[in-house]
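Visitor: no FASTA, just this:
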């Protein structure tokens with residue numbers, strides 16, 4: 001048993017756990033969104049806000065930590081770990097679906113999977129497996145089973161979440177550590193913030209999470225045990241074929257093969273057929289997809305995600321990447337995705353303590369560092385607060401590294417194995433809070449509104465994107481007043497026809513026909529051919545009693561042919577929003593009464 005270095009490694013863990021607890025307490029107590037990656041629980045009821053943190057902190061006391069230790073040790077026996085964690089995973093993913101729909105392209109993805117066509121038009125940047133998994137498969141299975149495609153999408157997400165649980169357990173088991181450390185590592189890898197994506201999010205970043213975890217687990221076996229070459233190659237290839245963010249894995253994959261060759265290849269293992277296949281699969285995938293990915297990067301990403309007009313307005317790529325606000329957002333993203341990320345500071349001491357395991361350490365560090373360029377230089381259009389899923393692969397890679405460090409920290413010091421309990425809770429509690437915030441629309445919308453109203457001040461582009469989400473989600477929840485207020489703010493900053501229409505419709509449904517009339521007046525002034533603008537102006541003016549404006553709009557609407565393009569456009573909107581049809585019918589009745597009264 002190694003005494004000195006081991007104690008050094010273990011000694012740093014309580015400090016990291018205490019620091020994380022303090023940061024979370026500050027994030028929960030202060031009315032600011034500087035630490036948005038840590039404060040999800042702040043928007044839950046008080047007992048849910050503080051109780052998990054208090055329990056987590058309490059287990060930092062050796063007596064309480066040791067009291068919980070037998071349960072952790074029991075879980076790692078035989079198949080108990082996999083079965084128990086799998087059961088918890090399925091229960092959480094099925095019981096707490098995302099009902100806020102805030103993350104990334106959630107609303108767009110939910111909408112397009114319900115349509116027969118339009119995926120390629122809406123997402124021209126999608127890679128082959130994305131279109132198959134997130135459009136063709138849900139629609140095909142939904143048609144066969146007579147189930148909504150969105151329900152199929154959610155069910156497939158639960159299945160993928162179960163596979164993530166199995167991979168987390170496999171990674172932990174292969175560490176060959178003590179029972180408590182094994183359980184803690186599995187929980188740390190599974191319950192990063194990315195876990196919440198598996199509750200129904202229909203974007204390939206969830207597969208990037210899954211296959212990054214697979215690459216870490218199988219890569220560890222490849223480097224250490226000279227096995228799993230084909231599964232490792234398949235995992236890397238799948239990450240590449242699902243999403244462009246998956247290409248960040250390539251440096252880590254290359255490092256894995258270099259470390260494998262140094263450990264096993266020079267002894268003749270490179271002649272093995274499985275290893276040749278495992279090496280060829282990702283190479284073939286790169287060869288097939290590279291031309292398309294280059295076109296996407298140069299034609300789409302440069303203008304949208306690297307050097308957009310917003311980036312140029314803020315001073316350029318390097319200025320934005322290393323600005324204080326950007327670095328703070330990156331830190332929040334990492335802590336949201338991998339809540340124990342600060343434990344990575346123990347990497348060097350772990351490597352020094354276990355020279356025989358340095359290849360594993362270098363592999364996992366390399367995998368995590370592979371995602372650093374995307375963290376710094378990918379400027380997501382809706383901001384990291386909403387588009388954090390784009391960096392989910394980085395969170396998984398970080399959790400794998402943290403899991404390895406935690407295992408090595410506890411491996412040689414059995415009397416301190418109780419630290420596995422607070423370490424696991426430090427990851428589980430914030431992720432469960434995030435899961436609940438995504439499941440409770442009121443809590444999720446409060447958190448979103450706080451992002452806009454509390455410091456630090458956000459850029460106009462981020463504000464508009466967030467307000468648009470608030471407006472759309474509020475309309476889905478029939479919270480018309482909240483939707484109208486959000487779109488009023490959007491119009492004040494960027495009065496697009498879409499924003500004006502949504503402001504008008506939500507204001508009318510909220511009973512504020514004065515604002516609705518104003519919105520439709522602006523819409524028709526900007527676009528005199530907009531059918532919804534004229535119909536909405538007639539509707540709101542009629543219900544308001546503005547006969548002059550109602551007559552002006554009625555004259556335009558009367559020129560629309562039955563079943564013509566304008567009529568079909570209105571019917572399409574009414575089919576999506578039946579409440580609008582009720583309001584139009586009420587306006588029709590009142591208009592006829594006034595005409596008869598003349």
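Guide: It's in. These numbers come from a predicted model, not from an experiment.

Visitor: how far is stretch 56-66 from where the chain is centred?
Guide: Centroid displacement of stretch 56-66 relative to its chain, using C-alpha atoms, centre = their mean, to the nearest Å, is 32 Å.

Visitor: which parts of that stretch are buried?
Guide: 56-57, 59-60, 64-65 (16 or more other C-beta atoms under 10 Å). C-betas here are computed from N, CA, C, even on glycine.

Visitor: which other residues reach that stretch?
Guide: Stretch 56-66 is contacted by residues 14, 17-18, 21, 68, 418-419, 421-422, 425-426, 429 when judged by C-beta atoms under 8 Å, 6 or more residues apart in numbering.

Visitor: weed out the non-buried ones from those residues.
Guide: Using 16+ other C-beta under 10 Å as the threshold, 14, 17, 21, 68, 418-419, 421-422, 425-426, 429 are the buried ones among those.

Visitor: rewinding a little: among the buried residues of stretch 56-66, which ones are in helices?
Guide: Here DSSP state H is the test, and the buried residues of stretch 56-66 give 56-57, 64-65 as lying in helices.

Visitor: buried stuff in stretch 19-36?
Guide: 20-21, 23-24, 27-28, 33-36.

Visitor: hmm, I was thinking of stretch 133-153
Guide: Buried, per 16+ other C-beta under 10 Å, within stretch 133-153: 133-135, 137-139, 141-142, 149-150, 152-153.

Visitor: same question for that stretch, mean pLDDT?
Guide: The pLDDT scores in stretch 133-153 average 94.

Visitor: now it, how far from the centre of its chain.
Guide: On C-alpha atoms, centre = their mean, the centre of stretch 133-153 falls 21 Å from the chain's centre.

Visitor: also stretch 485-496?
Guide: 26 Å.

Visitor: ok, then the element right after the helix or strand bottoming out on mean pLDDT in the chain?
Guide: Lowest by mean pLDDT, DSSP states H and E among the helices and strands of the chain is helix 347-353, with a mean of 70. Using DSSP states H and E, the helix or strand that follows helix 347-353 in sequence is helix 358-369.

Visitor: helices or strands next to that following helix in the packing?
Guide: Packing contacts for helix 358-369, counted by 3 or more C-beta pairs under 8 Å, 6 or more residues apart in numbering; DSSP states H and E, involve helix 205-225, helix 250-263, helix 347-353, helix 392-411.

Visitor: which residues are in contact with the second one?
Guide: Okay, so that is helix 250-263. So helix 250-263 is in contact with 215, 219, 222-224, 226, 229, 232, 236, 240, 269-270, 275, 279, 282, 286, 359, 362-363, 366-370, 397, going by C-beta under 8 Å, 6+ apart.

Visitor: and the protein, what are its domains?
Guide: According to automatic domain parsing, the chain comprises the domains 4-439, 445-597.

Visitor: just say which of those domains is most tucked in.
Guide: Mean neighbours per residue, mean count of other C-beta atoms under 10 Å, is largest over the domains of the chain for domain 4-439, with a mean of 20.

Visitor: so where's the chain uncertain?
Guide: 1-11, 78, 348, 352-356, 412-413, 598 (pLDDT under 70).
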